[in-house]
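K.L.:
Quick one: sequence plus predicted model below, questions after.
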2 protein chains.
Amino acid sequence: MNKLLKLNQRDRTTLLHTPFMASLGPLAIERMLDVVNVVNYEARDLLFREREPARSFYCVLSGHVRLFRLSKDGRDANIRICCPGDVFAECLLAAGEVYHYNAQAVESVTVARFDLQRVRMLADEEKDVSKAIITSLSAHLLSSLDCIANDRLLTAQQRLAHYLLDQCPDDSQSASIRLPFQKSLLAGKLGLAPEALSRAFSTLRSAGVTVRGRVIEVADVNALKRL
Amino acid sequence: MNKLLKLNQRDRTTLLHTPFMASLGPLAIERMLDVVNVVNYEARDLLFREREPARSFYCVLSGHVRLFRLSKDGRDANIRICCPGDVFAECLLAAGEVYHYNAQAVESVTVARFDLQRVRMLADEEKDVSKAIITSLSAHLLSSLDCIANDRLLTAQQRLAHYLLDQCPDDSQSASIRLPFQKSLLAGKLGLAPEALSRAFSTLRSAGVTVRGRVIEVADVNALKRL
DNA sequence: CGGGTGCTTGATACCGATCAACCCACGTGG
DNA sequence: CCACGTGGGTTGATCGGTATCAAGCACCCG
């Protein structure tokens, strides 16, 4: 089993630097720290499954967590890839009984786990907390809507270009990007099969994108924008 | 221009019966009613556009509102279809500056319009209000995630079957459904071209689904579930 | 009766999934 | 040092699903 740990100093610092916690006042932080545990998972471990009773929501401290759904015939679709600092499953704070998707550790992962019931009570008392929840939910809702629009409007290459542009510093002519995870995971994040991502990289070569392992060189940012 | 109206008695009743308002206590309701206007739109009118400064969020009182994005080459993708009682654009309460999508009246529509800035202040003072916002955001987030998973996992027929099942009373053997809007809009809601929806209906005929105008007869609910 | 509009049907094209083979980098053990 | 296996990635061939384009149909309303 996964050991249930107290917050050590490093995890504590990491946690306090996440956007979610950083927006809280000192008192709210104190009280949130009271209801948190730290848990480690190994690659491919499941944090929870669809339809399982929901007792916690999470914040990623290190590593990546993959949220996905399964279809009846066993195929799976990623819903979201959570990076360090990301909060997930917080939508269950509003009366959810069960998880609506599966969560899996991509690599070795450390997460902060908040007790739903106690945070619900806390949100009632601390305005800061309910504000932070609203901010987090809003951001996730917007990015989900983005995702829907992208899925419906963009081709594989355009989605990839869009992702690469997101990673580039705002106003640069060229850039060098290091992928934070495997390409197969990026494929899933973009709603593609790994082969399709590979082909998308190939066709983007003609737009000045070169790939060496996890490192992507973008020669002409503006060229990408013209897709 | 669209006339800006006070709440009349009928609109007031409608508004108070929406899930969003119904969850509030009497005092919170009173204060929310202070910051609301009622607006009418004709079919195809735009309520707001992408990238426009956001001043309000909305609740549909009658008719349907279509939320959509445009791609560079002019194609559009629906993000959500809002029915009477639905709230939309409330995600901008958390510090959004501009709308992230377009909103269009499908038919003649009446909406309640809430001033974002004043509701932000209200949420600070009335726990009920921030709770209602959290509930609304959570529901929308979950349904967006559903949408993503469905887009990525299901075929056109399966999506249609899924939609029809949603409309059926829970434990019925057969059902008769009346679509609340045109088929072309349903197509958009499901992320399909109208032709694809039409074909999906055709192939579902062999599963006991018959169509007459807006009225759909589902002979065998369980047959649908087996997709 | 004429002319919308919304829907259906058919033909075709395109995109991406899938399956299979291969490549490469790496680690392991003989 | 080399044979081997493994896992991630690429490449090619094929298939299926849906968009797109075009034409025809049904209904409503003037």
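P.N.:
Right, received. Where do you want to start?
K.L.:
So the closest residue to DNA strand C within chain A: helix, strand or coil?
P.N.:
In chain A, the residue that lies nearest DNA strand C is A:Ala196 (3.0 Å; CB to the nearest atom of the strand). Backbone N, C-alpha and C define where each C-beta goes, glycine included. Judged by DSSP: H, G, I helix; E, B strand; the rest coil, the three-state class of A:Ala196 is helix.
K.L.:
Just give the number of residues close to it.
P.N.:
Neighbourhood size, A:Ala196 [other CB atoms under 10 Å in any protein chain shown]: 17.
K.L.:
Verify the stated contact: it with A:Arg159.
P.N.:
No - A:Ala196 is beyond contact range of A:Arg159, at 9.6 Å (criterion: CB atoms under 8 Å).
K.L.:
wait, A:Gln157 sits on A:Ser198?
P.N.:
No - using CB under 8 Å as the test, A:Gln157 is too far from A:Ser198 to be in contact (11.7 Å).
K.L.:
And chain B, is the helix or strand containing A:Leu137 touching that?
P.N.:
Taking DSSP states H and E as the criterion, A:Leu137 maps to helix A:127-153. Yes - using CB under 8 Å from any CB of the partner chain, helix A:127-153 reaches chain B at A:127, A:130-131, A:133-135, A:137-142, A:144-149, A:151-153.
K.L.:
Check whether that helix comes near DNA strand C.
P.N.:
No - applying CB under 7 Å from any atom of the strand, one finds helix A:127-153 separated from DNA strand C by no less than 9.4 Å.
K.L.:
gap between the helix or strand that that helix is followed by and the chain center?
P.N.:
Moving toward the C-terminus from helix A:127-153, the next helix or strand (DSSP H and E) is helix A:156-167. Chain-centre distance of helix A:156-167: 17 Å, with CA atoms, centre = their mean, to the nearest Å.
K.L.:
who in chain A is up against DNA strand D?
P.N.:
So chain A meets DNA strand D at A:182-184, A:194-195, A:197-199, A:201-202, A:211 (CB under 7 Å from any atom of the strand).
K.L.:
From the residues you listed, list just the buried residues.
P.N.:
By neighbour count, with 16 or more other CB atoms under 10 Å in any protein chain shown, the residues of chain A next to DNA strand D hold A:197, A:201, A:211 as buried.
K.L.:
Need these in TSV (columns: pLDDT).
P.N.:
Converted to TSV, those look like this (pLDDT from 0 to 100):
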residue	pLDDT
A:Leu197	98
A:Phe201	98
A:Val211	96
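K.L.:
OK, contacts around A:Ala103?
P.N.:
A:46-48, A:58, A:65-67, A:88-89 (CB atoms under 8 Å, 6 or more residues apart in numbering or on different chains).
K.L.:
For whichever strand or helix holds A:Met21, which helices and strands make contact with it?
P.N.:
Using DSSP H and E, A:Met21 sits in helix A:19-22. For helix A:19-22, the elements it packs on are helix A:127-153, judged by 3 or more CB pairs under 8 Å, 6 or more residues apart in numbering or on different chains; DSSP states H and E.
K.L.:
Same question for stretch A:41-54: list its buried residues.
P.N.:
Buried residues in stretch A:41-54 (16+ other CB under 10 Å): A:41, A:47-48, A:54.
K.L.:
Redo these as TSV? Include distance to DNA strand C and pLDDT.
P.N.:
Shown next, in TSV, are the buried residues of stretch A:41-54 (distance: CB to the nearest atom of the strand, whole Å; pLDDT from 0 to 100):
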residue	distance to DNA strand C	pLDDT
A:Tyr41	23	94
A:Leu47	24	97
A:Phe48	25	97
A:Ala54	29	97
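K.L.:
For B:Ala123, state which of these is nearest.
P.N.:
A:Ala54 (24.9 Å; CB to CB).
K.L.:
Does that closest one touch A:Tyr101 like I think?
P.N.:
No - here A:Ala54 does not reach A:Tyr101: they are 10.9 Å apart, not a contact under CB under 8 Å.
K.L.:
ok, the closest residue to A:Ala43 other than its chain neighbours - contacts?
P.N.:
Once flanking residues are discounted, A:Ala43 sits nearest to A:Glu107: 5.0 Å by CB to CB, 6 or more residues apart in numbering or on different chains. Contacts for A:Glu107 were tallied using CB under 8 Å, 6+ apart; they are A:43, A:63-64, A:181.
K.L.:
so what pLDDT did A:Glu107 get?
P.N.:
The model reports A:Glu107 with a pLDDT of 94.
K.L.:
A:Glu217 is in what secondary structure piece?
P.N.:
Going by DSSP H and E, A:Glu217 is in strand A:215-218.
K.L.:
what's in contact with the helix holding A:Met21?
P.N.:
Contacts of helix A:19-22 (CB under 8 Å, 6+ apart): A:15-16, A:29, A:32, A:59, A:85, A:87, A:132, A:135-136.
K.L.:
The same query, at a cut-off of 6 Å, please.
P.N.:
With contact meaning CB atoms under 6 Å, 6 or more residues apart in numbering or on different chains, helix A:19-22 is reached by A:15, A:87, A:132, A:136.
K.L.:
quick one: which of these is nearest chain B?
P.N.:
A:Ser136 (8.4 Å; CB to the nearest CB).
K.L.:
Would you check that the closest one makes contact with A:Gly85?
P.N.:
No - contact criterion CB atoms under 6 Å: A:Ser136 and A:Gly85 do not qualify, at 11.0 Å.
K.L.:
how far away is A:Tyr41 from A:Arg10?
P.N.:
Separation of A:Tyr41 from A:Arg10 (CB to CB, to the nearest Å): 17 Å.
K.L.:
Could you check what's spatially nearest to the spatially most central residue of chain A, not counting adjacent residues?
P.N.:
Note on chain A: the residue nearest the mean C-alpha position is A:Cys82, at 1.7 Å, using CA atoms, centre = their mean. Spatial nearest neighbour of A:Cys82, chain neighbours left out: A:Val65 (4.3 Å); criterion: CB to CB, 6+ apart.
K.L.:
That neighbour is in contact with A:Pro84, isn't it?
P.N.:
No - with contact defined as CB under 6 Å, A:Val65 does not reach A:Pro84; the gap is 9.7 Å.
K.L.:
These two: who's more crowded?
P.N.:
Between A:Val65 and A:Pro84, counted using other CB under 10 Å, A:Val65 has the larger neighbour count: 23 against 18.
K.L.:
quick one, phi/psi of that one?
P.N.:
A:Val65 adopts backbone torsions of phi -120, psi 140, taken as degrees, to the nearest 10.
K.L.:
which strand residues sit across from it in the sheet?
P.N.:
A:Cys82, A:Ala105 (DSSP bridges).
K.L.:
distance of it from B:Tyr99?
P.N.:
31 Å.
K.L.:
now do A:Gln117
P.N.:
35 Å.
K.L.:
Tell me which of the two has more neighbours.
P.N.:
B:Tyr99 (21 against 12).
K.L.:
Isn't that one up against B:Phe48?
P.N.:
Yes - at 5.1 Å, B:Tyr99 counts as touching B:Phe48 under the criterion of CB under 6 Å.
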